[in-house]
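[1] sharing a model that was predicted from the sequence below.
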Amino acid sequence: MSEAYDWSWLRQSLAAPEITLEVYASIPEELGRQIEVVDGRIIRCESPTPEHQTIQHNLVSALRDAAKYMDAREQTCHKVIGDVDMLLTEAPRLHYRRPDVVVYRCIESDRGRWRRKPYASDSLLVIEIVSPGTVVTDTRDKLAEYAQARIPHYWVVQMAGNDGPVVSIERFRLTISGKYISDGISVRGTDLVAVDVIDPFATRITWEYLDDGI
């Protein structure tokens with residue numbers, strides 16, 4: 001007779017406490033980089049491929065240059081960062097995501113347990129690069145979450161074979177009603193450049209730039 005399956009891991013998981021902002025502040029950094037928290041519960045984030053990380057870094061670099069140009073012209077201040085915790089809501093339950101790229105207004109003072117990490121209300125643009133394990137989350141769940149949090153722009157990047165290079169970038173824009181509508185999609189082989197927009201700031205990114213390092 002085969003031995004009974006050990007379900008202790010599931011029992012331990014069910015007994016795990018709700019993650020509050022107080023608990024979040026005590027999570028070791030090496031563990032915090034591997035999770036998101038949705039409605040107080042831990043969601044494990046898969047480790048991205050090297051191709052995914054290269055595309056992410058190229059997007060951060062291009063958008064950072066564009067943001068610096070706008071800030072110098074408009075006397076504003078913005079940050080462009082990858083893999084930073086972005087708070088969607090603290091109550092009734094803690095809910096935060098770690099976008100692949102986030103563009104947000106500079107934060108001048110410490111926010112206690114959240115320190116100088118962005119709130120959704122600080123963010124102008126969030127980008128997710130779709131991986132095999134995140135298709136539903138990036139194209140459905142986060143589309144709804146980011147719209148509800150009223151983030152003005154959300155881009156979804158698709159890779160060939162889910163492993164690079166980039167084959168399309170769909171841009172979503174928040175409407176007055178609080179819903180996202182498609183603001184256009186760039187497709188490799190059809191469109192000359194990957195990104196050519198003026199909102200939230202003037203940005204032009206070629207396919208070749210995104211491919212650099214892959």
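    Sure thing, it's come through.
[2] let me see the contact set for the residue nearest the centre of the chain.
    Residue closest to the average C-alpha location in the chain (C-alpha atoms, centre = their mean): residue 99, at 1.5 Å. Residues counted as contacts of residue 99 (C-beta atoms under 8 Å, 6 or more residues apart in numbering) are 82, 83, 84, 86, 126, 127, 128. Placement of C-beta: from N, CA and C, glycine included.
[3] do that again at 10 Å, thanks
    Contacts for residue 99 (C-beta atoms under 10 Å, 6 or more residues apart in numbering) come out as 36, 56, 81-86, 118, 123, 125-129, 138, 142, 146, 151, 154-155.
[4] try residue 134
    Neighbours of residue 134 in contact, by C-beta under 10 Å, 6+ apart: 45, 46, 48, 52, 100, 128, 141, 142, 162.
[5] next one: residue 115
    25, 85, 107.
[6] from these, which is closest to residue 189?
    residue 85 (35.8 Å; C-beta to C-beta).
[7] buried set for the longest helix along the chain?
    Criterion DSSP state H: the longest helix present in the chain is helix 50-74. By neighbour count on 16 or more other C-beta atoms under 10 Å, the buried set for helix 50-74 is 51-56, 58-60, 62-64, 66-67, 70.
[8] what helices or strands is it leaning on?
    strand 78-81, strand 101-105, strand 123-129, strand 153-159, strand 166-174, strand 195-197, strand 203-205, helix 207-211 (3 or more C-beta pairs under 10 Å, 6 or more residues apart in numbering; DSSP states H and E).
[9] if we go to 8 Å?
    strand 78-81, strand 101-105, strand 123-129, strand 153-159, strand 203-205, helix 207-211 (3 or more C-beta pairs under 8 Å, 6 or more residues apart in numbering; DSSP states H and E).
[10] report the inter-axis angle for that helix versus strand 166-174.
    50 degrees (axes from the mean of the first three to the mean of the last three C-alpha atoms, to 10 degrees).
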